[in-house]
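J.: sequence plus the predicted model coming up.
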Amino acid sequence: MKHFALAAVAALGLAGPALAADPVEGIWKTQVDDGHYAHVKIAPCGELICGVIAKAFDANGPIASENIGKPIVWDMSAAGGGSYKNGKIWQPSTGKIFNSKMTLSGNSLKVKGCVGPICKGQTWSRVQ
């Protein structure tokens, strides 16, 4: 019985780091684009990081939008030190998809989308 208890404790100790949340997980507020902004829920999707539009807003507050539930960020891989790379990002106002990377610093998330040498970016703020 003693060996079983020690094995269970050891297994939990090893599983702890694997169960730890990625620091970028949570709800993020985008910057205004074409008069609208969104709350994006960022979470793991397999071994990668993805984001889905959770809520949409205009200057008057929450709005019903066909974009709610749609992926906006996908295939991001953690590169260490708060950096994420090799992802894709969708810009709802233009319908364009860009190669993307992100950099996390506290409660700010810098998101860049690039086509060739031309990049656009936003800084998102953590909601929760």
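T.: That came in fine, so what should we check first? Quick caveat, the model's predicted, so the values are computed rather than measured.
J.: show me the shaky parts of this structure.
T.: Counting by pLDDT under 70, the chain has low-confidence residues at 1-19.
J.: which parts of it are helices?
T.: 2-19 (DSSP state H).
J.: grab the nearest non-local neighbour of the most centrally placed residue in it.
T.: Closest residue to the average C-alpha location of the chain: I42 at 3.3 Å, with CA atoms, centre = their mean. Counting by CB to CB, 6 or more residues apart in numbering, I42 lies nearest to G51, which is 4.3 Å off, once chain neighbours are set aside. C-beta here means a position set from N, CA and C on the backbone, and glycine is covered the same way.
J.: picking up where we left off before, which residues touch the residue nearest to the centre of the chain?
T.: V24, E25, G26, I27, W28, I49, C50, G51, V73 (CB atoms under 8 Å, 6 or more residues apart in numbering).
J.: could you redo the last one with a cut-off of 7 Å?
T.: I42 makes contacts with V24, E25, G26, W28, I49, G51, V73, as judged by CB atoms under 7 Å, 6 or more residues apart in numbering.
J.: right, and the fifth one touches Y84 too?
T.: Yes. Because the distance of 6.0 Å satisfies CB atoms under 7 Å, I49 is recorded as touching Y84.
J.: of the two, give the one with the bigger neighbour count.
T.: Under the neighbour definition other CB atoms under 10 Å, I49 and Y84 were set side by side, and Y84 has more, 24 against 21.
J.: could you check how far the more buried one is from A21?
T.: In this view, Y84 and A21 are 14 Å apart by CB to CB, to the nearest Å.
J.: report the separation between the residue nearest to the centre of the chain and Q91.
T.: Computed as CB to CB, the I42 to Q91 distance reads 17 Å.
J.: before we move on, what about F98?
T.: As judged by CB to CB, F98 and Q91 stand 7 Å apart.
J.: returning to that earlier point: so the residue nearest to the centre of the chain bridges to which residues?
T.: Here I42 shows beta-bridge partners G26, G51, assigned using DSSP bridges.
J.: and stretch 121-128, what's buried?
T.: By 16 or more other CB atoms under 10 Å, the buried positions in stretch 121-128 come out as Q122, W124.
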